[in-house]
Every structure is written in structure tokens, then in C-alpha cells.
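> Here's a sequence, model it:
(2 chains)
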Amino acid sequence: MKTMTTALTAGVLALAPLSAFADSHADSSDPIVIPIHNWSSQIVMSNVVGQILETQGAIVEYVTTDSQAVYESVRLGDVAMELEVWEGAFGASFRAAMEKGGIVDVGDHNAVTREDWWYPMWTKDACPGLPSWEALNDCAALFATPETGDKGRYLDGPVDWLKHGQERVESLDMDFVVVNAGSAAALWAELGAAEAEKKPIVVFNWTPNFAEAVWPGEFVEFPTWEDGCDTDPSVGPNPDALFDCGNPATGYLKKAAWDGMEDKWPAAFATLEAVSFTNPQIAEMAKLVDIDELEPKEAAEVWLEANPGVWETWVK
Amino acid sequence: MVALSKKTAEAITCNRAAMLLLAVAVILTTLQYAAVLPAWLHRIPDAMVPPFAAWLDVVFNFVKDDLGLLKFTRFFTEGLENVLDTTGNIFFGKYRWPHLGPMPWTAVAGVAAVIGYSLGGWRLALLGGGTFVWTALIGQWNIAMETMSVLVVAAPLAFVIGLSFGIAAWKYAWVNKAIRPVLSVLQTLPFFTYLLPAVIFFKVGPTAGAMATIVYAIPPMILMTTLGLQKVPLEVIEAGKMAGCTRFQMLRHVYIPSARGDILVGVNQVIMLCLAMVVLTAFIGMPGLGAKLLAMMGSFKLGRSLEIGITIVLLAVTLDRMSKAWAVKQPVHFDKGTSWFCRHKTLVSALCVIVGFTLLSKVVPIAGTIERGQDFSQGKELDNFIKWLLAVDGVQSVTYGIRYVLNVWVLNPFRDFMLSIPTPAMIMMVVAFAVWLGGRRQGIIAAIFFGLIALSGWWDRSIITLYSVLAAVSIAMLLGIPLGIWASQSDKWSRRILIACDTAQTFPSFIYLIPAIMLFGITATAVVGSILIFAMVPLTRYTIEGLRTVPPEMTEAADMAGATRMQKLVNVQLPLALPTMAVGFNQAIMFAFFMVIIAAFIGTQDLGQELQRTLAGTDLGKNFVLGICVSLMALTFDVVIMKWATDKKHALGLA
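The predicted structure follows:
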């Protein structure tokens, strides 16, 4: 029993290095909690904004959360802000949270977002008519898999992203079978496997995204989005169906915050209002992590050092 | 004699009942195929499905808001958060009281080696120290410490709570009765069902992660504690009573030390389950290795994901070996007058290591932290290797062939067939199986459980879940059992395969998904393939253990009777090992039900997909209904197979 206790005590003591060597901080103001998700640009952007706030003397902490559930956390004040509200992916959750109250819209980034059917460049070699959707449909057989028979396979995002791939195939009468991937990771794995043999593939993708740097590619051009395409059957080429157009090519990218943030951290809130990134800036941030293999924290430091002109005006 | 014939008679009626049920099921299915079966007999009409989810939501909301549970748990959360902040500061230098950390990596590795040495000599010292050196050199120190800072809180809490419940269950029969069914459900409930309540009640982040981990890790601790205490020999108890112990003294100095072995096995289980949750809890904001792994997989960095997986396995193996060594190690007693230093050798050397390395890290910074760029991560090279492997001629055409045959000829037709069976016929088949293998009681349980699933409104998805499990376990049997039989023939290979089993089991299951997709696409084959690896582990392990624990008298008798190796295996060893192998089969099914939910990340149409969807919202009711469907199916198998294994053991005189 004695050695047991000793071993335990040794373990416990290992957790407490000598206090003489410790750094001491006196600041005790509440930390601003910034949520991070599982894609690089958002993580780096959060770190960039976090470090900007730190220059103002704020204490910042990061917490990993689900990108849909986060709006509930913002509403409750568990996290202070959300830096990437994508119109297509999170618009619905954001609007639902706005209706419940507790969350405020802090304005748009300069960047626009797009999410739609997409193919890597090697696909175009096999189907030169691209990016038109009619040309894609004519090449449908190229995208066939053992499970889909003669029809082509379109790899859609997870069902809970609600991308209406199935509805679009039906409304435009396309020769495609929609298969839902279970996660973003699954999409990349299929792309990576297709790349090895340069097999034609068409998947759901979005911009800004790290994938653009790894696999150059293009979006399929569907009939242009018109307001009401998702609610009014008469809008779009097919008069009897919904979702017969492409997604908006210039969706918003918003910032959101807990409605108590302005009172609790007025200076930080003012900075957050001023923050606005462009598409190339976001791509640059993602590249630092995805291609240059920096840790998000270091990537943020590098970006801030390289772009003082961009962010110093945001701090008042 | 009378009892025996009564039993035989019962078995015969059971068999008859099973046959009858099966016949009715076949007739119903035939009618369905002849298209004369009314629709309401094929599937329960939607109108008849009770809104369980809505009812549960009402109950949850009442408990959460009106009874004030949320206030209470949020209050508790703050306490837990303070503790986690403290360990966070010590482990990775989180900006919190006591502002001491982070510990230099050399100090942690040194202490791990010292503890390893005191528990199991140089080998364990090397393993303990080596694990942490690897973690630091590969550039994962911070994230690994983020994980550890939560685990060092969660594991002891799970231990204390489990021990208390275990003691209560041993002391009071009614607690035991009340706790058993809850534990069975907890052990089969998909982890997604733990996660959502954890977020709602304990706030997104490490607190929710810690709570989900604790709940997940408690059941075996409770079971092992109760088991250990029940086994304490009467002589020991009497000795304690004669010494005039009070009730508390009896517990502290008689019962618990005597049950030490079993309790420590429980501790070992707690640690392993905590590590199994490292990746899964990342979905609810647990920082560290799991979160990094998910981010890496999300940006298609296979090499780095793999390295994180190796770190998790190494941590698991180290903690597993150390806790097992601790369980085996007998307490050391010193002579009176031994100096304090001699009695606390480990403590003293650990202290020296900490002071030494902390001083060193002030002079040589690399002994304190390894910066990015100084590490030895081979992520990119591994990625390139995987890409090269896929581009090798023949690899993709072989996998394409497998995928074609399995999907088009086997899996998809099997799924469509399962879905075509009318609900009542399916239930009857399951009941027939339960009655035939288990008995009447098991049949009734199966009927109730599957009846509930039918009423849940998620029948089709449940059947797809069941189909993936059955398909994967069947293939796992075809591969795992022969492997086990072959390995059991030699000591060397038994040991090697068992180590491979340990590794496969502790390796984060998420990582299997990516290669499965790359080889087989987003199809049923990839889903079944990823479950397969997991389900093979217990099958192989228990086959080896079953065959190797056949009493030597039996095999010797067979040898003397002049049996060939094959005859000995088929007629003596396998029948005797069958009950143990059945336990392995049961575990394979449980593991498969666990993994099939994770396979939702490949892309499935089963319960897992719906569960994954609920994770992003606040649909507690729906989440719970889905989780219970999985649990009920798993429990049906559990109840039936375990009954059969116990009966068989008794019949063979092995129990």
C-alpha cells in the first residue's frame, strides 16, 4: 500500500513545478471566449481576432464547439462571438437564434461565400463542356459508380447541411444519383482517392476553403439564383419545382456576438464591429495552416505581422 | 433426474415455439412479396406511432427548468470548471490560478519513468518515459497536455463515484436491483446520446467533455467494486469482526483492501474508457488531441491524424500497463525504523526529477517546450506515402472489384431484403432466435424491446443499423475466428495477435474511416469495413483465450485417445471453448453497435446519421429515442447470448 501511495504522491507532485520559476499575472478580468470549429480559416481568423483583442488588454480564450450548436452557446453567453456565419451553411441556425434572442448581428465581412456543386480540374479533361450544368448532365455516365448504375453520382454534403441536392436533380431532371457524405472529411477522402487515378468526380464544395489550394477546381454553373427559388415553384427554369437554380454565388459571411458583449467588453465589441476580412485574406490564413503546416496560433501571429495595415485601423 | 427431464421438456417447447414463430414470419414475408399483405401489417402506420420524442421533451424541460436541475448542474459546472482551470494551468499553462505551469515536458516524462520503474521495473519506466518523449518530439505536447488536464480530473472522479455506487450496491440489495438495468442501458447507449445532455447541462467545453467521459467510464467501476466486495472471504471478515472493527473500519481496512485486485481492474477499465472518449468528446468542445484529430481529418491531413492516433494508443498502452502492474503489485511493508527516505524512494526521486528538469529548462529552453519546426512530425511524408500507395497500379482495381461484388451482389440486396420483411415478421424472427438460444424469458424481453423499436417510429433506420451490424459481424467471424484458432496454436503468435488486438482497440476509431472511404468510396462496403476491424478484435481475442484455457486434462485425454490435431481441435477444444467464444461474439456485436454509429461520418442512412443530426441542435427527446433504439437492439443480443453462454458453461461443467 505504501509504494502505491508514494507513486500517487509522486504523480501529484509532478503536476506542481516549483513556484519560484512561475510567471505571475495579476490581471483577473473575465476572459472573452471565442469559439473555434473544425476548419482552418475559421480557427486562424478566431486566433487573429483574439490576438488583436489581446493587444487591447483583453484576456482571450478559445473553445472548440460544433459549428451549428455554437449559436445556442452565443445566445447563452457561454461564448462571446462567432466570426464566420456562412449564409448557406449556418444562415438557418443563425436566424433561429436571432428569433429566440440573445444574439446580435455585428455586420458582414467583405468576403463573400459560395457553396455549390464543384469539380476538380482533371474532371474537365474528361468532360470539356464544363462548367455548364447541361454539359455536366450530358457527361453523367462518366461519374457512374458500381452502385449507381448508368447514372452519375453526385457527392453531396452531410444531410444535416440541407443542401437540397436531391431536389435539384429532380427539378432539373438530371441523370444523377445523390449520395450524402457523412462529414467533410469523407468528401476529402473521396476526392483524394479520385485524384490518385484522376477519375472524374463532382462533389459539394464551398469557398473560401482549403480545398481550393489542394485541388484546383471550379463550380458548376447552374441557372442563376433568383430570390424565391427555394419558396416559389414558378421561379427558375422549371415552373413546377423548387430548387431549380444554383445557390447564390455571393452569400454573406457575417460576424455575430452575444448581446451582452457590448456592455461587458465595449472596446472589444467596437473592434469586432470594425473587423472585416476579404476572400484573399481568408485564403491566406487557411494556407498558413493547411499548406505551410503552422499551428493556428503561430499562423495568426505571422498574418498579423505581415498585415499591420489591415488590422491596426480596427483597433481604437 | 426430474429436474433434468423438466428442463429438456422446456427446451423442446421452446424449440417448438421458435419454429412456429419462424413459420409465421416466413408466411408474412411471402405474403409481402406476393403483394397481398395489407400495408399496416408491413409497417406500423405513422398515425399509430406515439410521439415519444415530444413526451420526453416535456419531461426533460420539466426536470431541467421547473425542478431547477439546470441551475443545479450549472452551479456544479462552475466548481468543476475551477478545478479544470487549475489542472489546465499546471499542464499547459492556461491563464488561471495558480499561474505555475506549464510543466516542462522533460519533467513529466521523467516522472512517468520514475512511476513506471516503481510499478514494473525498467520496461515500464521506458514505456512511460518514452511515451511522453514521443509526444513532445512529434510536436503534440500542448494538445496532449490539454487532454491530460481533463483526464486527470475525470478519471479520479469516475473512480470515486463508481466506488461509492459499487459499495452502495453491495451493501443494499435494492440499490443493486435499481442500478443494474441502468448500467446495462448506459453500456449500450451510443455515445452521441451522452454528448447532447452533457452540453445542455454542463456547458460546451472541457466541463461537458469531462462529464460525458465520467458517465461513460463509471459502469465497469461499479460492477467491479460490487463483484470484488462480494468475493471477500468469510474468514477475513470474521477476523476483522474479532478485532473489533467499527463499520467504517471494516470497510476501510478489511473489505476494500481484500477487494483491491478487482477494484484496480475497475480502475484500469475507467482509464481505458476515458481514453476511448478522447476523440468523441471533441464534438462537444473537449480540447486537446481529439479536437486536433478532427481538425486534421477535416483538412485531409492523414499523416498528422495518424500520428495523433499513435500518441493516443501509446498513452492508452502506458496507462493500461501501469494500472495493471499496480493491480498485481503487492503492498510493500517496511521494518520499523526504516528511514523516511527509504520508505518514500519513488517520491524522493520524482521530486529530484522535477526540480532537476525544471532548473534545466530555465537554462536550456528546449527542455521546457519544443517549438513548431523543432519537432519530428512526418505528417507530409506520410500523406505522400498514402497518395503513392493509392496510385500504385492494381490497388484501386482490386478494391473496385471488392466494392462491386460486396455492394452490388451482397450488401445492398441483403439490406433491401431486411427492409422488405414486414415489421411483425421481423419481430417474430428475433423472438424465435431469442427463445431458441435463450429461453422463454429472453423471448419475452426480445418481443418487448423490438416492439418498442417498432413503436419508436424509427423502424427502417433501426433495421439498416442492424443490417450493418450483422453484415460486419458475419464477415468478422469469417476472418477473426480462423485467425484466433491459428494464433492459439503457438504461444508466440497468441501474444503477438493479442497485442495487435489491444492496439486496434485503443486506436481512435475515427482514423479507420478515412482509409475505408479512400479504398471503397462512400458506400456500404466502407461502412462495413470500418466496423469489421473493430468487431474482429473481441472475436479473435476470445477465440484465443477460449482455446488456450481448455483444461489440459481434456486435451491430454484426446491425445491419448490418438486424436489427430484436427480431430482434437474440432471435437475437444472448440466445443469447450465455445462458451468463451460466445462472449467474444457478444462483445463483437456490442462493438459493432458502437462503431456503426461512428460510421455515420462516412455517410449512412441509419440511426447514427439521425443521431449525428441531433447533436447540432437541442432535440433532447429525439436524441434519446434514437439512442434507446440502438441500446434496445444491443441489449436483446446481450441478454440472449449471455444466457446461452452461461447455460452452456454449466452444461460443460466449466463454470
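> low pLDDT regions in the chain?
This is for chain A. A:1-28 (pLDDT under 70).
> You answered for a different chain; I wanted chain B.
Ranges of chain B meeting pLDDT under 70: B:1-7, B:372-373, B:616-617, B:655.
> Could you find the closest non-adjacent residue to residue 132?
No chain specified, so I'll use chain A. Nearest in space to A:Ser132, with sequence neighbours left out and distances taken as C-beta to C-beta, 6 or more residues apart in numbering or on different chains, is A:Glu221 at 5.6 Å. Just so you know, the C-beta spots here come from the backbone N, C-alpha and C atoms, and that holds for glycine as well.
> Not quite, go with chain B.
B:Ala109 (3.7 Å).
> Also B:Gly584?
Distance criterion C-beta to C-beta, 6+ apart; nearest residue to B:Gly584, sequence neighbours excluded, is B:Tyr542 at 2.5 Å.
> cool, A:Ala135 as well?
Nearest one to A:Ala135, counting by C-beta to C-beta, 6+ apart, is A:Gly129 at 2.7 Å.
> What's the local residue count around B:Thr226?
24 (other C-beta atoms under 10 Å in any protein chain shown).
> got the contact list for B:Gly439?
By C-beta atoms under 8 Å, 6 or more residues apart in numbering or on different chains, the residues touching B:Gly439 are B:Glu10, B:Cys14, B:Lys643.
> wait, isn't the second one in contact with B:Val435?
Spelled out, that is B:Cys14. Yes: between B:Cys14 and B:Val435 a contact is recorded at 5.2 Å, counting by C-beta atoms under 8 Å.
> More neighbours: which of those two?
Between B:Cys14 and B:Val435, counted using other C-beta under 10 Å, the more crowded position is B:Val435 (27 against 20).
> how near is the nearest residue to that one once chain neighbours are set aside to B:Gly162?
Computed as C-beta to C-beta, 6+ apart, the closest residue to B:Val435 that is not its neighbour in sequence is B:Gly443, at 3.7 Å. According to C-beta to C-beta, to the nearest Å, B:Gly443 stands 33 Å off from B:Gly162.
> returning to what we had before: I'd like to know which of the contacts of B:Gly439 is nearest to chain A.
Closest approach between those and chain A, by C-beta to the nearest C-beta: B:Lys643, at 35.4 Å.
> Please report phi then psi for B:Pro50.
The phi/psi pair for B:Pro50 (degrees, to the nearest 10) reads phi -70, psi 140.
> now A:Ile32
According to degrees, to the nearest 10, A:Ile32 has phi -90, psi 120.
> Touching, it and A:Gly57? I think so.
No: in this structure, A:Ile32 is not within contact of A:Gly57 by C-beta under 8 Å, at 11.0 Å.
> Check the secondary structure at A:Glu218 for me.
Secondary structure, DSSP: H, G, I helix; E, B strand; the rest coil: A:Glu218 is strand.
> Checking the host helix or strand of B:Leu294 against chain A, do any of its residues make contact.
Assigned by DSSP states H and E, B:Leu294 belongs to helix B:289-298. Yes: using C-beta under 8 Å from any C-beta of the partner chain, helix B:289-298 comes into contact with chain A via B:Ala291, B:Leu294, B:Ala295, B:Met297, B:Gly298.
> Fine by me, thanks again.
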